[in-house]
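Peer 1: give me a model of this one.
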Amino acid sequence: MSRLLRLFAVLVTVAAAANAQEVQSHGLVFEKWVRDTFFNGYKPASYSQRWEIPAIENHDHGGLPVNPKTVKYGTAIDLGDARRQYEIDEPFLLVVGFWSQAGDAKRIVSIAAPAITPEAWRQLWAPITYADLLKLDALIKDTGPSVEELRRLALKMKNSPPFSQAVMQVNPKIDPHGQRRLQCSLRFADFFRHLLPGVDPQPETRPTLFGVEYPGPLASPPRTITK
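Peer 2: Purely as a prediction, here's the structure:
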């Protein structure tokens, strides 16, 4: 019986992973469109590299490194590992495609591409220091406390100065399976307020990037959570 239960658990995990890949494929499609349309079809050597599109591949749009993202309209922009993001010290383009669900399709309803200076990026983090990040990172990777206690301690630190005073949001990821990550994100409103002041964040009928209209919706069902 225990073998059957283990097999069932494996099958559920595989199915959940397949579903996640299917419903998240819209992000890969958008990012590929960005690379193919504007950056000569550049393919990242590794998805762990700092910039999905290095500056040397950006010949026509400012010569800056580029990181494309895809996110549901109105929600926070997940930026990945907090320490790596804090370490950014050069100007870059952050290209964000915002989507909304329409039946079994996801439609890009807005595209934004602010060019961000190191000074503007640092302001989003202030008054957090790198030492503050290291302290929180060390806490969430402490294997001593229980998961519940660790979550409580991490949430307490996150909701206290200097983290509570910053525009950039830090997001501890802690689970019973050993996940211990410190990520970061920008709230939807803060993204426009601080990086695109004066730009109307309302959805567009024909969203464009660098004057090129995005081609259309992508068949992609709503995400379901499998217990």
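Peer 1: where's the closest residue to Pro54 other than its chain neighbours relative to Phe30, distance?
Peer 2: Spatial nearest neighbour of Pro54, excluding adjacent residues (Cβ to Cβ, 6 or more residues apart in numbering): Pro65 at 5.5 Å. Any C-beta I mention is one placed from the backbone N, CA and C, and that applies to glycine too. Distance, Pro65 to Phe30, using Cβ to Cβ, to the nearest Å: 18 Å.
Peer 1: between those two, tell me which one has more neighbours.
Peer 2: Using other Cβ atoms under 10 Å as the criterion, Pro65 and Phe30 rank with Phe30 on top: 24 against 20.
Peer 1: average model confidence for the helix or strand where that one lies?
Peer 2: Assigned by DSSP states H and E, Phe30 falls within helix 2-38. Taken as a whole, helix 2-38 has a mean pLDDT of 55.
Peer 1: Pro44 - that's part of a helix, no?
Peer 2: No: under DSSP: H, G, I helix; E, B strand; the rest coil, Pro44 sits outside any helix and is assigned coil.
Peer 1: what sits against it?
Peer 2: When contacts are counted by Cβ atoms under 8 Å, 6 or more residues apart in numbering, Pro44 touches Glu52, Ile53.
Peer 1: for the chain, which residues score under the pLDDT cut-off?
Peer 2: Scanning the chain with the threshold set as pLDDT under 70 gives 1-27, 218-227.
Peer 1: any idea how far Arg50 is from Pro114?
Peer 2: 18 Å.
Peer 1: now do Ala55 against Phe210, distance only.
Peer 2: For Ala55, the distance to Phe210 - Cβ to Cβ - is 16 Å.
Peer 1: isn't Gly80 right next to Leu182, touching?
Peer 2: No: between Gly80 and Leu182 there is no contact under Cβ atoms under 8 Å: 10.2 Å.
Peer 1: ok, Lys156 - how many residues close by?
Peer 2: 10.
Peer 1: tell me which element it falls in.
Peer 2: Secondary structure from DSSP H and E places Lys156 in helix 147-158.
Peer 1: can you pull the buried residues of that helix?
Peer 2: Within helix 147-158, the residues scored as buried using 16 or more other Cβ atoms under 10 Å are Leu150, Leu153, Ala154, Met157, Lys158.
Peer 1: on contacts alone, who are the packing partners of the helix or strand that it is followed by?
Peer 2: Later in the chain than helix 147-158, the nearest helix or strand by DSSP H and E is strand 169-174. For strand 169-174, the packing partners by 3 or more Cβ pairs under 8 Å, 6 or more residues apart in numbering; DSSP states H and E come out as helix 130-140, helix 147-158, strand 180-186.
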